[in-house]
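K.L.:
have a look at this fold, sequence not included:
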């Protein structure tokens, strides 16, 4: 027997990274300041989580100059969308299993 | 603006602990061996996560002897149910927000 939580991968499941991917999934791209503000993070914390996601191949990061000011754009990659889809599918199963509600059953292995 | 992922608490959101609480929510109690087997964990790993949940007041652990053999029963507490309910509500919002699907919008803070 395998429980749906065994399909959750920490790269994607971690709270902040799940937030980043959920935001990016709904947009063509987002800038660093938008993510930091929407998720209520410090620069350092957001930077650390973006690095994990970039190393996993789930986001692409583009540092540019616009009107002589630096701007960091972040996009979700195709493999990031696939990983997020898997996470969301597993979460739906976890929610459904947890909501089946309390029984009086006593669960034991033997 | 606050994102629903900011309502996810690590005590409950962590993959293994979410699995433990989801299983316990559907039963009167479960024993250690059942949880270990269903979640595919080692004794040490399950023990560590149960300790986090017990310290948070989310599970109650009862070590007994049955037929001269030790057995560890685990139950979700009222406050564990409340914490799981909050997690599931936040997860439903995260899923809904992530599923709103790709637009061509470029999200920036200014």
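P.N.:
In hand now; what should we look at? Here the structure is a predicted model, which is why all the values come from computation and not from measurement.
K.L.:
show me what stretch A:34-49 is in contact with.
P.N.:
The contact list for stretch A:34-49 (C-beta atoms under 8 Å, 6 or more residues apart in numbering or on different chains) reads A:14, A:16-17, A:19-20, A:23, A:32, A:50, A:74, B:1-3, B:5-6, B:107-109. Every residue, glycine included, has its C-beta placed from N, CA and C.
K.L.:
okay, and which of those map to helices?
P.N.:
Assigned to helices by DSSP state H, the following of the contacts of stretch A:34-49 qualify: A:16, A:17, A:19, A:20, A:23, A:32, A:50.
K.L.:
show me which pair in these is furthest apart.
P.N.:
The largest separation in the ones in helices among the contacts of stretch A:34-49, counting by C-beta to C-beta, is between A:17 and A:32 at 14.9 Å.
K.L.:
so these two - more neighbours on which side?
P.N.:
Neighbours per residue (other C-beta atoms under 10 Å in any protein chain shown) separate residue A:17 from residue A:32, with residue A:17 holding more: 24 against 20.
K.L.:
can you check the pLDDT for that one?
P.N.:
What the model reports as pLDDT for residue A:17 is 98.
K.L.:
nearest spatial neighbour of residue A:70, chain-adjacent residues omitted?
P.N.:
Spatial nearest neighbour of residue A:70, excluding adjacent residues (C-beta to C-beta, 6 or more residues apart in numbering or on different chains): residue A:63 at 6.6 Å.
K.L.:
that neighbour is in what secondary structure piece?
P.N.:
Assigned by DSSP states H and E, residue A:63 belongs to strand A:59-66.
K.L.:
what residues sit buried inside that strand?
P.N.:
Across strand A:59-66, burial judged by 16 or more other C-beta atoms under 10 Å in any protein chain shown covers residue A:59.
K.L.:
ok, it: who's next to it in the sheet?
P.N.:
Sheet pairing for strand A:59-66, assigned by DSSP bridges, gives strand A:69-76 (antiparallel).
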